[in-house]
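In: Fold the following and give me the result.
(one chain, ligands or ions: 1)
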Amino acid sequence: MTKTDRPSAVTARHRHALRRAYELMRARFGHQHWWPGETPFEVCVGAILTQNTAWTNVERAMANLKAAHVLEPARLFALSESRLADLIRPAGYFNVKARRLRSFLRVLVEDFGGDLKRLFAGETATVRARLLAINGVGPETADSMLLYAGGHHSFVIDAYTRRIFQRHNWSSKPARLRSATARPAVQSSKSLDSYDDLKSFCEAGLNQKTGAAQLDHWQDYHAQLVMVGKHFCRTRAPRCEQCPLKPLLP
Ligand code: SF4
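Out: Next up, the predicted model:
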(Lines give C-alpha, C1' and ligand atoms only; values in the text may rest on other atoms or scores of the structure.)
Protein backbone atom coordinates (compact mmCIF):
# COMPACT_ATOMS: atom_id res chain seq x y z
CA MET A 1 0.00 0.00 0.00
CA THR A 2 1.47 3.34 -0.98
CA LYS A 3 1.14 6.38 1.22
CA THR A 4 -1.50 7.97 -1.03
CA ASP A 5 -3.52 4.74 -1.16
CA ARG A 6 -3.69 4.48 2.62
CA PRO A 7 -7.28 4.64 3.94
CA SER A 8 -8.11 7.95 5.60
CA ALA A 9 -10.08 8.21 8.82
CA VAL A 10 -13.85 8.32 8.84
CA THR A 11 -14.81 11.99 8.98
CA ALA A 12 -17.79 13.74 10.55
CA ARG A 13 -19.12 14.22 7.01
CA HIS A 14 -19.00 10.47 6.42
CA ARG A 15 -20.70 9.68 9.73
CA HIS A 16 -23.46 12.15 9.00
CA ALA A 17 -23.97 10.79 5.47
CA LEU A 18 -24.08 7.16 6.62
CA ARG A 19 -26.54 7.97 9.40
CA ARG A 20 -28.75 10.03 7.08
CA ALA A 21 -28.64 7.27 4.45
CA TYR A 22 -30.04 4.81 6.95
CA GLU A 23 -32.83 7.18 7.96
CA LEU A 24 -33.81 7.66 4.32
CA MET A 25 -33.69 3.96 3.43
CA ARG A 26 -35.49 2.89 6.58
CA ALA A 27 -38.23 5.47 6.00
CA ARG A 28 -38.77 4.10 2.49
CA PHE A 29 -38.45 0.36 3.06
CA GLY A 30 -39.11 -0.20 6.77
CA HIS A 31 -37.04 -2.59 8.89
CA GLN A 32 -36.12 -5.57 6.70
CA HIS A 33 -35.85 -8.28 9.40
CA TRP A 34 -33.16 -10.06 7.41
CA TRP A 35 -31.63 -12.60 6.76
CA PRO A 36 -34.18 -14.95 5.19
CA GLY A 37 -33.56 -18.28 6.88
CA GLU A 38 -35.47 -20.05 9.61
CA THR A 39 -32.38 -21.19 11.54
CA PRO A 40 -28.73 -20.09 11.80
CA PHE A 41 -27.80 -23.25 9.90
CA GLU A 42 -30.10 -22.27 7.02
CA VAL A 43 -28.46 -18.85 7.00
CA CYS A 44 -25.02 -20.47 6.61
CA VAL A 45 -26.16 -22.80 3.84
CA GLY A 46 -27.87 -19.85 2.13
CA ALA A 47 -24.71 -17.74 2.39
CA ILE A 48 -22.83 -20.31 0.31
CA LEU A 49 -25.67 -21.00 -2.12
CA THR A 50 -26.23 -17.30 -2.87
CA GLN A 51 -22.73 -16.79 -4.27
CA ASN A 52 -23.15 -15.47 -7.85
CA THR A 53 -26.87 -16.03 -8.01
CA ALA A 54 -30.19 -14.40 -7.16
CA TRP A 55 -31.89 -15.26 -3.88
CA THR A 56 -34.95 -16.67 -5.68
CA ASN A 57 -32.72 -19.47 -7.03
CA VAL A 58 -31.39 -20.12 -3.52
CA GLU A 59 -34.95 -20.45 -2.26
CA ARG A 60 -35.64 -23.19 -4.81
CA ALA A 61 -32.49 -25.07 -3.77
CA MET A 62 -33.44 -24.67 -0.09
CA ALA A 63 -36.92 -26.01 -0.82
CA ASN A 64 -35.32 -29.13 -2.33
CA LEU A 65 -33.15 -29.63 0.78
CA LYS A 66 -36.15 -29.20 3.06
CA ALA A 67 -38.29 -31.60 1.02
CA ALA A 68 -35.48 -34.18 1.28
CA HIS A 69 -35.33 -33.61 5.08
CA VAL A 70 -31.58 -32.99 5.03
CA LEU A 71 -31.35 -29.37 6.21
CA GLU A 72 -29.36 -30.34 9.29
CA PRO A 73 -25.55 -30.53 9.55
CA ALA A 74 -24.95 -34.28 9.94
CA ARG A 75 -27.63 -35.30 7.44
CA LEU A 76 -26.43 -32.85 4.84
CA PHE A 77 -22.82 -33.95 5.30
CA ALA A 78 -23.87 -37.61 4.94
CA LEU A 79 -25.06 -36.97 1.39
CA SER A 80 -22.73 -37.79 -1.47
CA GLU A 81 -21.38 -34.76 -3.32
CA SER A 82 -23.31 -35.73 -6.45
CA ARG A 83 -26.61 -36.09 -4.57
CA LEU A 84 -26.02 -32.75 -2.87
CA ALA A 85 -25.22 -31.12 -6.21
CA ASP A 86 -28.43 -32.53 -7.62
CA LEU A 87 -30.52 -31.08 -4.81
CA ILE A 88 -28.97 -27.60 -5.02
CA ARG A 89 -29.01 -27.49 -8.84
CA PRO A 90 -31.44 -24.49 -8.96
CA ALA A 91 -28.81 -22.31 -7.22
CA GLY A 92 -26.45 -22.61 -10.22
CA TYR A 93 -22.74 -23.58 -10.18
CA PHE A 94 -24.11 -26.58 -8.28
CA ASN A 95 -20.98 -28.76 -8.51
CA VAL A 96 -18.75 -26.00 -7.15
CA LYS A 97 -21.27 -25.10 -4.46
CA ALA A 98 -21.72 -28.74 -3.43
CA ARG A 99 -17.95 -28.94 -2.92
CA ARG A 100 -17.92 -25.69 -0.96
CA LEU A 101 -20.87 -26.73 1.18
CA ARG A 102 -19.16 -30.00 1.98
CA SER A 103 -15.97 -28.17 2.96
CA PHE A 104 -18.01 -26.06 5.39
CA LEU A 105 -19.91 -29.09 6.68
CA ARG A 106 -16.70 -31.08 7.18
CA VAL A 107 -15.36 -28.40 9.54
CA LEU A 108 -18.73 -27.95 11.26
CA VAL A 109 -19.39 -31.66 11.77
CA GLU A 110 -15.89 -33.07 12.26
CA ASP A 111 -14.26 -30.22 14.20
CA PHE A 112 -17.26 -28.76 16.05
CA GLY A 113 -19.63 -31.72 16.44
CA GLY A 114 -22.20 -30.13 14.10
CA ASP A 115 -22.78 -27.41 16.69
CA LEU A 116 -22.89 -23.91 15.17
CA LYS A 117 -22.65 -22.33 18.60
CA ARG A 118 -19.25 -23.95 19.04
CA LEU A 119 -18.16 -22.92 15.54
CA PHE A 120 -19.11 -19.32 16.30
CA ALA A 121 -17.64 -19.26 19.81
CA GLY A 122 -14.80 -16.80 20.42
CA GLU A 123 -13.67 -13.36 19.38
CA THR A 124 -15.08 -12.14 16.07
CA ALA A 125 -11.62 -11.93 14.45
CA THR A 126 -10.80 -15.50 15.52
CA VAL A 127 -14.09 -16.92 14.26
CA ARG A 128 -13.78 -14.94 11.02
CA ALA A 129 -10.32 -16.40 10.41
CA ARG A 130 -11.73 -19.87 11.15
CA LEU A 131 -14.42 -19.39 8.51
CA LEU A 132 -12.06 -17.84 5.95
CA ALA A 133 -9.81 -20.89 6.24
CA ILE A 134 -12.60 -23.04 4.79
CA ASN A 135 -12.32 -23.60 1.06
CA GLY A 136 -15.01 -21.59 -0.74
CA VAL A 137 -15.78 -19.22 2.14
CA GLY A 138 -14.65 -15.74 1.15
CA PRO A 139 -15.01 -12.49 3.11
CA GLU A 140 -18.59 -11.74 2.05
CA THR A 141 -19.78 -15.26 2.85
CA ALA A 142 -17.92 -15.32 6.17
CA ASP A 143 -19.29 -11.92 7.21
CA SER A 144 -22.83 -12.91 6.22
CA MET A 145 -22.55 -16.00 8.42
CA LEU A 146 -21.03 -14.02 11.28
CA LEU A 147 -23.55 -11.18 11.18
CA TYR A 148 -26.76 -13.09 10.49
CA ALA A 149 -26.12 -16.53 11.98
CA GLY A 150 -23.38 -16.06 14.55
CA GLY A 151 -24.46 -12.84 16.26
CA HIS A 152 -21.05 -11.30 15.57
CA HIS A 153 -20.62 -7.62 14.77
CA SER A 154 -19.06 -8.03 11.34
CA PHE A 155 -20.32 -5.69 8.62
CA VAL A 156 -21.01 -7.30 5.23
CA ILE A 157 -19.74 -5.71 2.03
CA ASP A 158 -21.23 -6.75 -1.27
CA ALA A 159 -21.32 -5.46 -4.83
CA TYR A 160 -24.33 -3.25 -4.04
CA THR A 161 -22.56 -1.64 -1.08
CA ARG A 162 -19.47 -0.99 -3.14
CA ARG A 163 -21.42 0.56 -6.02
CA ILE A 164 -23.57 2.79 -3.80
CA PHE A 165 -20.56 3.95 -1.76
CA GLN A 166 -18.50 4.70 -4.86
CA ARG A 167 -21.29 6.70 -6.46
CA HIS A 168 -21.72 8.75 -3.31
CA ASN A 169 -18.00 9.16 -2.65
CA TRP A 170 -18.26 7.41 0.72
CA SER A 171 -14.86 5.89 0.87
CA SER A 172 -11.90 5.41 3.12
CA LYS A 173 -9.75 6.64 0.24
CA PRO A 174 -9.35 10.38 -0.41
CA ALA A 175 -12.50 11.49 -2.23
CA ARG A 176 -12.22 12.33 -5.90
CA LEU A 177 -15.31 14.42 -6.12
CA ARG A 178 -16.77 15.49 -9.39
CA SER A 179 -19.32 18.24 -9.62
CA ALA A 180 -22.90 17.04 -9.37
CA THR A 181 -24.10 15.75 -12.71
CA ALA A 182 -27.08 13.83 -13.95
CA ARG A 183 -24.96 10.67 -13.77
CA PRO A 184 -23.43 9.52 -10.49
CA ALA A 185 -19.67 9.63 -10.33
CA VAL A 186 -17.69 6.42 -10.63
CA GLN A 187 -14.22 6.41 -9.15
CA SER A 188 -11.25 5.06 -11.00
CA SER A 189 -10.05 1.62 -9.98
CA LYS A 190 -7.00 3.22 -8.31
CA SER A 191 -9.25 4.91 -5.75
CA LEU A 192 -11.31 1.82 -4.88
CA ASP A 193 -11.31 0.39 -1.39
CA SER A 194 -10.37 -3.21 -0.80
CA TYR A 195 -13.02 -5.38 0.85
CA ASP A 196 -11.40 -4.96 4.25
CA ASP A 197 -10.88 -1.19 3.80
CA LEU A 198 -14.56 -0.68 3.07
CA LYS A 199 -15.61 -3.01 5.88
CA SER A 200 -13.43 -1.13 8.40
CA PHE A 201 -14.74 2.17 7.05
CA CYS A 202 -18.38 1.09 7.54
CA GLU A 203 -17.72 -0.35 10.99
CA ALA A 204 -15.96 2.84 12.11
CA GLY A 205 -18.67 5.05 10.61
CA LEU A 206 -21.55 3.07 12.10
CA ASN A 207 -20.29 2.62 15.65
CA GLN A 208 -22.74 4.86 17.47
CA LYS A 209 -24.62 1.92 19.00
CA THR A 210 -23.44 -1.06 21.03
CA GLY A 211 -24.49 -4.62 21.83
CA ALA A 212 -27.74 -6.00 20.41
CA ALA A 213 -28.75 -2.57 19.08
CA GLN A 214 -25.59 -2.36 16.97
CA LEU A 215 -26.04 -5.93 15.72
CA ASP A 216 -29.58 -5.17 14.59
CA HIS A 217 -28.44 -1.89 13.04
CA TRP A 218 -25.69 -3.53 10.99
CA GLN A 219 -27.95 -6.39 9.94
CA ASP A 220 -30.63 -4.01 8.80
CA TYR A 221 -28.18 -1.53 7.25
CA HIS A 222 -26.86 -4.17 4.88
CA ALA A 223 -30.41 -5.31 4.09
CA GLN A 224 -31.40 -1.71 3.25
CA LEU A 225 -28.40 -1.33 0.92
CA VAL A 226 -29.46 -4.52 -0.86
CA MET A 227 -32.92 -3.00 -1.40
CA VAL A 228 -31.38 0.16 -2.90
CA GLY A 229 -28.96 -1.88 -5.03
CA LYS A 230 -31.63 -4.22 -6.33
CA HIS A 231 -34.28 -1.67 -7.12
CA PHE A 232 -32.45 1.58 -7.89
CA CYS A 233 -28.64 1.54 -8.03
CA ARG A 234 -28.28 -0.68 -11.06
CA THR A 235 -24.98 -1.07 -12.87
CA ARG A 236 -26.29 0.79 -15.86
CA ALA A 237 -28.92 3.52 -15.78
CA PRO A 238 -29.31 3.94 -12.02
CA ARG A 239 -32.78 5.18 -11.07
CA CYS A 240 -31.60 8.15 -8.99
CA GLU A 241 -34.80 10.14 -9.43
CA GLN A 242 -36.83 7.53 -7.54
CA CYS A 243 -34.10 6.44 -5.12
CA PRO A 244 -34.32 7.27 -1.40
CA LEU A 245 -30.60 8.17 -1.43
CA LYS A 246 -30.95 10.88 -4.09
CA PRO A 247 -30.67 13.72 -1.52
CA LEU A 248 -27.19 12.43 -0.68
CA LEU A 249 -25.74 12.40 -4.19
CA PRO A 250 -22.55 14.47 -4.42
S1 SF4 B 1 -29.51 5.04 -7.65
FE2 SF4 B 1 -29.61 5.80 -5.55
S3 SF4 B 1 -27.82 4.95 -4.53
FE4 SF4 B 1 -27.47 4.77 -6.72
S5 SF4 B 1 -26.34 6.61 -7.28
FE6 SF4 B 1 -28.51 7.03 -7.63
S7 SF4 B 1 -29.22 7.99 -5.75
FE8 SF4 B 1 -27.30 6.99 -5.29
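
In: where does the residue nearest the centre of the chain land in three-state SS?
Out: Centroid check for the chain by C-alpha atoms, centre = their mean gives residue 156 as the closest residue, at 3.7 Å. The three-state label given to residue 156 by DSSP: H, G, I helix; E, B strand; the rest coil is coil.

In: now residue 25: how far from the ligand?
Out: Distance of residue 25 to the ligand, given as C-beta to the nearest ligand atom, to the nearest Å: 9 Å. C-beta here means a position set from N, CA and C on the backbone, and glycine is covered the same way.

In: How about the contacts made by that residue?
Out: 224, 225, 227, 228, 244, 245 (C-beta atoms under 8 Å, 6 or more residues apart in numbering).

In: The second one against residue 160, yeah?
Out: Yes. At 5.4 Å, residue 225 counts as touching residue 160 under the criterion of C-beta atoms under 8 Å.

In: Return the residues of this protein in contact with the ligand.
Out: 164, 167-168, 184, 228, 232-233, 238-240, 243, 245-246, 249 (C-beta under 6 Å from any ligand atom).

In: buried sites along the lengthiest helix in the chain?
Out: Within the chain, and with DSSP state H defining each element, the longest helix by residue count is helix 211-231. Using 16 or more other C-beta atoms under 10 Å as the test for burial, helix 211-231 gives 215, 217-229.

In: cool, and stretch 73-83?
Out: For stretch 73-83, the buried set under the neighbour-count rule, 16+ other C-beta under 10 Å, comprises 73, 76, 77, 79.

In: What of stretch 28-46?
Out: Neighbour counts over stretch 28-46 (16+ other C-beta under 10 Å) mark 28-29, 32, 34-37, 40-46 as buried.

In: So for stretch 111-130, what gets flagged as buried?
Out: Using 16+ other C-beta under 10 Å as the test for burial, stretch 111-130 gives 112, 114, 116, 119, 120, 124, 127, 128, 130.

In: What is the burial count for residue 169?
Out: If you count neighbours by other C-beta atoms under 10 Å, residue 169 ends up with 22.

In: what secondary structure does it sit in?
Out: Counting by three-state DSSP, the backbone at residue 169 sits in coil.

In: wait, doesn't it sit right on residue 250?
Out: Yes. Between residue 169 and residue 250 there is a contact at 5.0 Å, judged by C-beta under 8 Å.

In: picking that back up, and the longest helix of the chain, how far from the chain's centre?
Out: Here helix 211-231 is found 9 Å from its chain centre; the criterion is C-alpha atoms, centre = their mean, to the nearest Å.

In: do stretch 78-87 as well
Out: Chain-centre distance of stretch 78-87: 26 Å, with C-alpha atoms, centre = their mean.
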